[in-house]
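Undergrad: Predicted model, plus sequence, below.
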Amino acid sequence: MSLYCGIACRRKSFWYFRLLSTYVTKTRYLFELKEDDDACKKAQQTGAFYLFHSLAPLLQKSGHQYQAPRHSLLELESLLAKFGQDIQRIEDSVLIGCSEQHEAWFALDLGLNSSSSINASLQKPEMETELKGSFTELRKAVFQLNTKDASLLTTAQALLRWHDAHQFCSRSGQPTKKNMAGSKRVCPSNKIIYYPQMAPVVITLVSDGTQCLLARQSSFPKGMYSALAGFCDIGESLEEAVRREVAEEVGLEVERLQYSASQHWPFPNSSLMIACHATVHPGQTEVSSDASLGYVFPLLHPQWSVGTFLVQHCLHYTKMCNMGFVPFRSLQSYKGSNLHENSEHPHNYHSSLYVSQSCDYFSAVLN
């Protein structure tokens, strides 16, 4: 018996370290491509490219889902030549990942012009016809993509947007130059290096231990509710940001909080959504806010949103509130619309998951 257990443990350890080794080698390979322009250019020879036009990815409809087609370097060069473009435009691409077999993945926007580009943007209709797809707004399509494509395309869009907005040095005013992988930009005149950044945002589900709180603004469409969220201020810790946001928005004092999960969110700019559960004293039942308070349980799979993760986790322990801390009513199912995620203005309840009454997924009914 002990011999059998020993063999089983060794096998488990073997597969664990093999998995770890795959992750480590993949991570180090990506690091090499980011630091070595020649290695990155060589990787493009056997890599695959995802195409964008003005930050909208090229997608192809397949039933009720979208698929993101990939193109080889030869296919991309042929496409550019057909539309009278210099293949040097490929240098505007950014590295977004690689496979376990070290096939590098890149993203290239054919509708944006870099400061160093000599080519005009390509016309969208002609490109769509040639590529047999459509350049679709990512925010509308992200929930109809598989997990891999959704992750790659949101990363790609965030990087492409950052490069489009940071083409000039803030100190000298001179054009900056991206490295081959797109992991940084350098000002040639003063050698200042700029790296892509994300803004930290706290998104918090507040509870008194038996019930939890969502809020809405008067500007929200009917049926939309949100967890509390906002940007972290300079000099704040995560804990301080949560306590401040809850105090500012609903006039409650947080007794304790617990980190739950985090997620990159690219809309409209790159944010790092940091999800927390916050507990207030059970006696704090009076909410001080101009916003109406209500309840909703968005039951989308947690892989898509940390906002969803927070609420789903709380399903096991809490009840929702309506006009403050009161018991929730039953959950019902609705079909026929879209899931919405509003993160354009994280302050004043604008950066968390919400669900309309006609959502494709389960939601609470607001009578």
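TA: Everything's here; your move.

Undergrad: got a list of contacts for the helix or strand harbouring residue 148?
TA: Following DSSP states H and E, one finds residue 148 within helix 147-165. Outside of helix 147-165, the residues within contact range by CB atoms under 8 Å, 6 or more residues apart in numbering are 50, 52, 55, 57, 66-68, 92, 94, 96-97, 105, 107, 109, 112, 114, 138, 142, 145, 178, 182, 185, 196-198, 264-266, 269-270, 303-304. C-beta coordinates here come from the backbone N, C-alpha and C atoms, glycine included.

Undergrad: Where strands are concerned, which of those residues count?
TA: Using DSSP state E, the subset of the contacts of helix 147-165 located in strands is 50, 52, 57, 66-67, 94, 96-97, 105, 107, 109, 178, 185, 264-265.

Undergrad: I'd like to know which of those is nearest to residue 222.
TA: For those, the closest approach to residue 222 (CB to CB) belongs to residue 265, at 24.4 Å.

Undergrad: Show the pLDDT at that closest one.
TA: Per-residue pLDDT puts residue 265 at 86.

Undergrad: Also residue 351?
TA: If you check residue 351, the pLDDT there is 28.

Undergrad: cool, and residue 24?
TA: Note on residue 24: pLDDT of 89.

Undergrad: Buried only: go through the ones in strands among the contacts of helix 147-165 for me.
TA: Using 16 or more other CB atoms under 10 Å as the burial test, the ones in strands among the contacts of helix 147-165 include 50, 52, 57, 66, 94, 96-97, 105, 107, 109, 178, 185, 265 as buried.

Undergrad: Among those, which pair sits farthest apart?
TA: Greatest spatial distance among these (CB to CB): 66 and 185, at 30.7 Å.

Undergrad: buried set for the helix or strand hosting residue 244?
TA: Residue 244 is part of helix 238-250 when elements are defined by DSSP H and E. Buried positions in helix 238-250, judged by neighbour count with 16+ other CB under 10 Å: 241, 242, 243, 244, 245, 246, 249, 250.

Undergrad: contacting residues for the second one?
TA: Read that as residue 242. Neighbours of residue 242 in contact, by CB under 8 Å, 6+ apart: 202, 204, 254, 257, 276, 278.

Undergrad: from those residues, which two are the most distant?
TA: 202 and 254 (11.1 Å).

Undergrad: If you count surrounding residues, which of these two has more?
TA: For residue 202 and residue 254, the more surrounded residue by other CB atoms under 10 Å is residue 202, and the numbers stand at 30 against 20.

Undergrad: okay, and for the chain, where does confidence drop off?
TA: 1-20, 114-121, 217, 220-221, 223-224, 283-367 (pLDDT under 70).

Undergrad: any idea how it splits into domains?
TA: As recorded under automatic domain parsing, the domains making up the chain are 41-166, 199-364.

Undergrad: Just the terminal-to-terminal distance for the first one.
TA: Going back to what we said before, that points to domain 41-166. 22 Å (CA to CA, to the nearest Å).

Undergrad: With stretch 174-189 instead?
TA: Stretch 174-189 has an end-to-end distance of 7 Å (CA to CA).

Undergrad: was I right about residue 280 contacting residue 210?
TA: No. With contact defined as CB atoms under 8 Å, residue 280 does not count as touching residue 210 (11.5 Å).
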